[in-house]
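[1] Next one to model:
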Amino acid sequence: MIPSHVTLVEVGPRDGLQNEKQPVATAHKVELVHLLQAAGLREIEVTSFVSPKWVPQMGDNTAVMAGIQRQPGVRYSVLTPNMKGLDAALASRPDEIVVFGAASEAFSQRNINCSIEESIERFRPVVAAAHANAIKVRCAVSVALGCPYQGEVTPDEVERVVLLMKGIGVDHCGIADTIGVGTPKRVQAAMERALKHFAISEVSGHFHDTYGQALSNIYACLEMGIHTFDASVAGLGGCPYAKGATGNVGTEDVLFMLDGLGIETGIDMDKLIDAAAYISGVLGRKPVSRSGNALMAKRAAKAEAVVA
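    Numbering: from 1, shown residues only. Next up, the predicted model:
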C-alpha cells in the first residue's frame, strides 16, 4: 500500500509564520516562497485573508501574493475563513482556498466563537463562490486527534465534520492533529473515516510533533496508501490555542524519511535546506526540524573544511 510518490503541501509561509510575534517583512515572505518553489515544492500555502486585528502577521496578504513570481505547475493556496476573506483574496488569483473546521465543539467555541455547524454554514457561500471562480477548495478538520479543552476526540466526531464539509462541496479533506497528540493507530482510525467520503487522492494529513509522533503518524498513513501531507519548512508554526503545542512537522524531516523509503517527491533536499536556512536567519534562530539542523551543521562543517 505504501505509495511510490508523495505530495508535500508546504504550509510554512502561512501556518508556519502566522504565529510569529516578530513582524516578518513582505519581501522575506515572498523570497521564502521563491526558495520553496525552487526546491521543487508544487503546493504552497502562501498566506491568509483574515482580519489583521486577529492575525497581524498576515496583514500583508495582498502584497505577498502580488510579489510572487509564479511558476507553472505550482499551486498557490490561501486561507479564507469567510466571505469577506474570499472577496479580498479573489483579486490575488489563488489556485486554491482553505477552510478550517474543528472536530471539537469546545475548540470551535474557543477558537472562532461559534458551533461546528455554524462554522460550516459560514463556509458554505465561500465554497460556492470559490467554485464559481474555478478555484479548488481544501478543508482541514482541526483537533481531529485531540483537543486542548475537550481532551480526546473520537473518530465519530471526526466523521461528523468530514460529512458536513462534504455536504457543502469541499474538494479535498485534510485531517489535522493540531496539538500533536495523535498516535499511529488512532490516526489510522480517523483517516478511515475521511476515506469513507473522499477519494484517497483527496485526503491528506497535517501533523504537529508535540510528542514526537508526527513521522510515525505519517508512516501509518503511508501504510494506508495516503500520499499527501502538510509540512512546514524548518518546523515553523504552532497553535496559539493549545498550550505547549509545537510546530508543524518539519518539511526536511518528512523529506528525509521519504527519501530513505525511496518515495519520490520531486523535492531537492539541498535547496530545501537553503529555504530553511534563509527563514531561520530571518527569524534569528535555529530550525525546529532535526534534519534541518543536522544538514545545516553538516553543510557548515564542510564549508569550514574547505576554508581550512
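[2] Could you list the low-pLDDT ranges of the stretch 101-250 of the chain?
    Within the stretch 101-250 of the chain, the stretches with pLDDT under 70 are 238-245.
[3] how about the strands of this structure, start to end?
    7-10, 43-48, 75-79, 96-102, 136-142, 172-177, 203-207, 228-231 (DSSP state E).
[4] Between those strands, which one is closest to residue 63.
    Closest of the strands of the chain to residue 63 is strand 43-48, at 9.3 Å (criterion: C-beta to C-beta). From N, CA and C alone the C-beta is placed, and that goes for glycine too.
[5] follow-up on the earlier one: can the strands of the chain go into a markdown table with extra columns for mean neighbour count and distance to residue 34?
    Formatted as a markdown table, the strands of the chain follow (neighbours: other C-beta atoms under 10 Å; distance: least, C-beta to C-beta, whole Å):
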| stretch | mean neighbour count | distance to residue 34 |
| --- | --- | --- |
| strand 7-10 | 24 | 12 |
| strand 43-48 | 25 | 10 |
| strand 75-79 | 23 | 12 |
| strand 96-102 | 25 | 19 |
| strand 136-142 | 25 | 22 |
| strand 172-177 | 26 | 25 |
| strand 203-207 | 26 | 24 |
| strand 228-231 | 24 | 18 |
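[6] As JSON lines, these with distance to residue 265 would be great.
    As requested, these are arranged in JSON lines below (distance: least, C-beta to C-beta, whole Å):
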{"stretch": "strand 7-10", "distance to residue 265": "6"}
{"stretch": "strand 43-48", "distance to residue 265": "11"}
{"stretch": "strand 75-79", "distance to residue 265": "15"}
{"stretch": "strand 96-102", "distance to residue 265": "19"}
{"stretch": "strand 136-142", "distance to residue 265": "19"}
{"stretch": "strand 172-177", "distance to residue 265": "18"}
{"stretch": "strand 203-207", "distance to residue 265": "14"}
{"stretch": "strand 228-231", "distance to residue 265": "10"}
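[7] What are the neighbouring residues in contact with the closest residue to residue 48 other than its chain neighbours?
    Using C-beta to C-beta, 6 or more residues apart in numbering and skipping residues adjacent in sequence, the residue nearest residue 48 is residue 79, 3.5 Å away. Residues near residue 79 by C-beta atoms under 8 Å, 6 or more residues apart in numbering: 14, 45, 47-50, 85, 97-100.
[8] circling back to that earlier point, between the strands of the chain, which one is nearest to residue 113?
    Proximity to residue 113, assessed across the strands of the chain by C-beta to C-beta, is greatest for strand 96-102 (11.8 Å).
[9] surely residue 235 meets residue 280?
    No - contact criterion C-beta atoms under 8 Å: residue 235 and residue 280 do not qualify, at 9.7 Å.
[10] Next, show the common contact partners of these two.
    Contact criterion C-beta under 8 Å, 6+ apart; residues shared by residue 235 and residue 280: 287, 292.
[11] Could you count how many residues lie near the residue nearest to residue 42 when sequence neighbours are not counted?
    Distances taken as C-beta to C-beta, 6+ apart place residue 74 nearest to residue 42, at 5.2 Å, with adjacent residues excluded. Residue 74: 16 surrounding residues under other C-beta atoms under 10 Å.
[12] go on, residue 281?
    By other C-beta under 10 Å, the residues close to residue 281 number 10.
[13] Could you do residue 22 as well?
    For residue 22, the count of nearby residues is 8 (other C-beta under 10 Å).
[14] Tell me who's in contact with it.
    residue 283.
[15] who's in contact with residue 109?
    When the contact criterion is C-beta under 8 Å, 6+ apart, the partners of residue 109 are residue 115.
[16] What distance do you get for it to residue 212?
    As judged by C-beta to C-beta, to the nearest Å, residue 109 and residue 212 stand 30 Å apart.
[17] Likewise for residue 54?
    Distance from residue 54 to residue 212, counting by C-beta to C-beta: 30 Å.
[18] For residue 303, grab the count of nearby residues.
    10.
[19] got the buried residues for stretch 269-284?
    By neighbour count on 16 or more other C-beta atoms under 10 Å, the buried set for stretch 269-284 is 269, 271-280, 282-283.
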